[in-house]
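> sharing a model prediction with you, sequence too.
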Amino acid sequence: MPISFFRPTASPRRRMNMFYLVDTSASMKYKSRLDDVNRAMSEVLPILRDVSSQNHDMCEIYLSCIQFGSEARLIDIEPVNVFDYEWHPLEASGYTNLRDAYAMLEQQMHRGEAMSNSAQHVRPAVFLISDGCPDDGWLEGLETLRANEGFQQAYKIAIAIGCKP
């Protein structure tokens, strides 16, 4: 068979999951902290799209966001490709329930496409964005999360917004 019959196929790109935990408690209203976060997230998306499109031989970037005020809420069921991700401004209310956000992240790091087939994934990244002072129970939630293999391997970045009023 002549070599011209063989067509190379592109190998699938690896995947990087980026998990954002965004504090939406009432204290984030102070000095427009959450407005700043909303603006920053809208501005970072085009940058992440550029990075994802320019690293053809590396990975595609997928985003997942968990907001936490009185309750934690997963904005998307599964991480979404950065090219399909749309940031919708979040609103602040309630207290700082970081414990439930950690529990939700721990579940996400076990689920479906978020972490399946680790050979096709690069290390995930976890971003915690908060003005601080979580409510009770967060330390127990963190200890459970620390036992998660995906979290152990993840890049972890905490971003402090403002200072204590």
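Thanks, I have it.
> now do residue 14 against residue 63, distance only.
Counting by Cβ to Cβ, to the nearest Å, the gap from residue 14 to residue 63 is 16 Å. (C-beta placed from N, C-alpha, C; glycine too.)
> check the secondary structure at residue 87 for me.
Three-state call for residue 87 (DSSP: H, G, I helix; E, B strand; the rest coil): coil.
> which helices and strands sit right next to the one helix or strand residue 33 maps to?
Counting by DSSP states H and E, the element that carries residue 33 is helix 33-54. Contact here means 3 or more Cβ pairs under 8 Å, 6 or more residues apart in numbering; DSSP states H and E; on that basis helix 33-54 packs against strand 14-23, strand 59-68.
> can I get the ones you listed in JSON lines including mean pLDDT, mean neighbour count and distance to residue 39?
As requested, the helices and strands packed on helix 33-54 are exported to JSON lines (pLDDT from 0 to 100; neighbours: other Cβ atoms under 10 Å; distance: least, Cβ to Cβ, whole Å):
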{"stretch": "strand 14-23", "mean pLDDT": "94", "mean neighbour count": "22", "distance to residue 39": "13"}
{"stretch": "strand 59-68", "mean pLDDT": "95", "mean neighbour count": "23", "distance to residue 39": "15"}
